[in-house]
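A.B. asks: Pasted the sequence and its predicted model underneath.
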Amino acid sequence: MGRLFGTDGVRGVANEELTPLLAMQLGEAGAYVLSKESGKRPVIMVGCDTRLSGDMLANALMAGICAVGADAVYLGVLPTPAVAYLAKAHHADAGVVISASHNPMEFNGIKFFDGNGFKLPDAVEDEIEALIRSGMEGVDFPTGENVGKITYRTDLVEDYIAHSLELVHPDLTGYKLVVDCAEGAAFHTSVEALRRLGADVIAIHTSPDGININRDCGSTHMEELMERVVKEGAAMGLAFDGDADRFLAVDEKGNLVDGDQIMSIVGNCLKKSGRLSNDTIVVTVMSNLGMHLMAEKEGISLETTKVGDRYVLERMLEKNYTLGGEQSGHIIFLEENTTGDGLLSALHLLDVLVSEKKPLSELSDIMQVLPQALVNAKVANDKKEKYMEYPEVAAACKALEEKFAGKGRVLIRPSGTEPLVRVMIEGEDQEQIEQEAKALADLITRVIV
């Protein structure tokens, strides 16, 4: 059995890999490890996205929390960043989100935050996992009045909306926006926040039924939003993922504006006003080469990490940077929240749109996006980290790098949450790199069996 925790908590198909039993064990071990030195009765806040298995796993998790003498506060359906914020704001010992983010509805996940709203470091996750594997060895389970209880506080979502609008509050009167909530956790928070700012909001995919989360909508399926923005004559389209920690945009012409472009636009504005710490943005190896060219031109430094917003956050904390994120739309404004926050990212981009009085298509010109091709190769979970151990794969990568001669790059990485190896190729010719990426992905699928 491999490590339970991936790059974003514990993930798997609900009721198959991520069972109620495992959820209960995570509740027991997580509550114990995160609160064992608090000196008081621990409080753990729990929220989830809209997928059907959320109720099942939330109740199992909270049973585990109560079993070790901690109290659970159930927040209901709300964005991942809301749980991080509320755990810190209400002085909880920890927060837990039950969500599989952008993944299909049959998947689910359990993700922990500490009492300060930060994702857990590897060492703490390892401690939780070791405790589960030991059968909770050395833990005394309370009885009687010392058993924990569950409190239901679905009203606290309003605290998150109000807090977001205190931080960034552009006057959106007269702006028509199309907002795609992915049938997920943003279906209330994002729409309500934008309407309070005066926007004319056309909300789509805001009727979650537990099954339709992320299905042909949201930040991983942008086609409908692109068409709708043009049809409605809107100033911008906004897309969130299932747990609303990601945000991508669409300009008034129907063009995608990705995380790299959003960080370029907002980062440059923050730099001009002296609010970009050390004039630096933290990005990952997946960030487009065009962003590096933008940074060089605008006098911005880029710090590069491996893929995963947890690694972006680690670098930001280490060097006191305030802006970082991923091309996929995870963007962290560290002075304002401790994790990727789709609503906050949207408000920052809208703030630039209003203050600059320019259309988003013009603002996006700050960065030229160079062609990229991304193809997934399906491989077994236990082999996805070992792709370069196969001589055929290593030789193919080397041959491609030599072929590009510095005018392109090849990046292969295992997915942190799915049984996939992701092949990304960047270059000057879209058709060529798409062919090369598919050929390399096909090779990986054939060879790694």
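C.D. replies: Thanks, I have the structure now. Numbering: from 1, shown residues only.
A.B. asks: Show me where the stretch 151-300 of the chain dips below the pLDDT cut-off.
C.D. replies: Judged by pLDDT under 70, the stretch 151-300 of the chain has no weakly predicted residues.
A.B. asks: at 90 instead, please
C.D. replies: Scanning the stretch 151-300 of the chain for pLDDT under 90 picks out the ranges 285-286, 289-290, 292-293.
A.B. asks: Now do the strands in it.
C.D. replies: Listed in chain order, the strands of the stretch 151-300 of the chain (DSSP state E, counting those that start in this stretch) span 176-180, 200-204, 236-240, 247-250, 256-257, 280-284.
A.B. asks: centre of the chain versus the fifth one, how much separation?
C.D. replies: Going by CA atoms, centre = their mean, to the nearest Å, the spacing between the C-alpha centre of strand 256-257 and its chain's C-alpha centre is 17 Å.
A.B. asks: Format the strands of the stretch 151-300 of the chain as CSV; extra columns: distance to Gly135 and mean neighbour count.
C.D. replies: Just so you know, the C-beta spots here come from the backbone N, C-alpha and C atoms, and that holds for glycine as well. Formatted as CSV, those follow (distance: least, CB to CB, whole Å; neighbours: other CB atoms under 10 Å):
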stretch, distance to Gly135, mean neighbour count
strand 176-180, 45, 24
strand 200-204, 48, 18
strand 236-240, 40, 29
strand 247-250, 42, 28
strand 256-257, 49, 22
strand 280-284, 38, 26
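A.B. asks: Adding distance to Met62, write these out as CSV.
C.D. replies: Output for the strands of the stretch 151-300 of the chain, formatted as CSV (distance: least, CB to CB, whole Å):
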stretch, distance to Met62
strand 176-180, 31
strand 200-204, 31
strand 236-240, 26
strand 247-250, 29
strand 256-257, 39
strand 280-284, 34
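A.B. asks: Out of the ones you listed, which is closest to Val191?
C.D. replies: Val191 lies closest, by CB to CB, to one member of those: strand 200-204, at 4.7 Å.
A.B. asks: Not counting its own residues, what contacts the closest one?
C.D. replies: By CB atoms under 8 Å, 6 or more residues apart in numbering, the residues outside strand 200-204 that reach it are 174-181, 187, 191, 194-195, 217, 224-225, 228, 232, 234.
A.B. asks: same thing but 6 Å
C.D. replies: The contact list for strand 200-204 (CB atoms under 6 Å, 6 or more residues apart in numbering) reads 176-180, 191, 194-195, 232.
A.B. asks: so which of the residues you listed comes closest to Phe141?
C.D. replies: The closest of the contacts of strand 200-204, once distances to Phe141 are taken by CB to CB, is Val191, at 43.1 Å.
A.B. asks: Asn288: neighbour count?
C.D. replies: The number of residues packed around Asn288, counting by other CB atoms under 10 Å, is 22.
A.B. asks: quick one: it and Asp258 touch, right?
C.D. replies: No. Using CB atoms under 6 Å, Asn288 is not in contact with Asp258, being 7.9 Å away.
A.B. asks: sorry, back to before: can I get the contacts of strand 200-204 in JSON lines including distance to Asp140?
C.D. replies: Putting the contacts of strand 200-204 into JSON lines (distance: CB to CB, whole Å) gives the following:
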{"residue": "Lys176", "distance to Asp140": "59"}
{"residue": "Leu177", "distance to Asp140": "53"}
{"residue": "Val178", "distance to Asp140": "54"}
{"residue": "Val179", "distance to Asp140": "49"}
{"residue": "Asp180", "distance to Asp140": "49"}
{"residue": "Val191", "distance to Asp140": "46"}
{"residue": "Leu194", "distance to Asp140": "49"}
{"residue": "Arg195", "distance to Asp140": "50"}
{"residue": "Glu232", "distance to Asp140": "60"}
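A.B. asks: just these now: which is nearest Val352?
C.D. replies: Taking CB to CB as the measure, Val352 lies nearest Leu177 of the contacts of strand 200-204, at 14.5 Å.
A.B. asks: In this structure the closest one contacts Ala199, no?
C.D. replies: Yes. Contact criterion CB under 6 Å: Leu177 and Ala199 qualify, at 5.0 Å.
A.B. asks: hmm, back to that, go through the contacts of strand 200-204 and name the one nearest Gly144.
C.D. replies: Val191 (45.3 Å).
A.B. asks: That closest one: what's it in contact with?
C.D. replies: Val191 neighbours (CB under 6 Å, 6+ apart): 179, 201, 203.
A.B. asks: where's the last one relative to Ala186, distance?
C.D. replies: Read it as Ala203. 10 Å (CB to CB, to the nearest Å).
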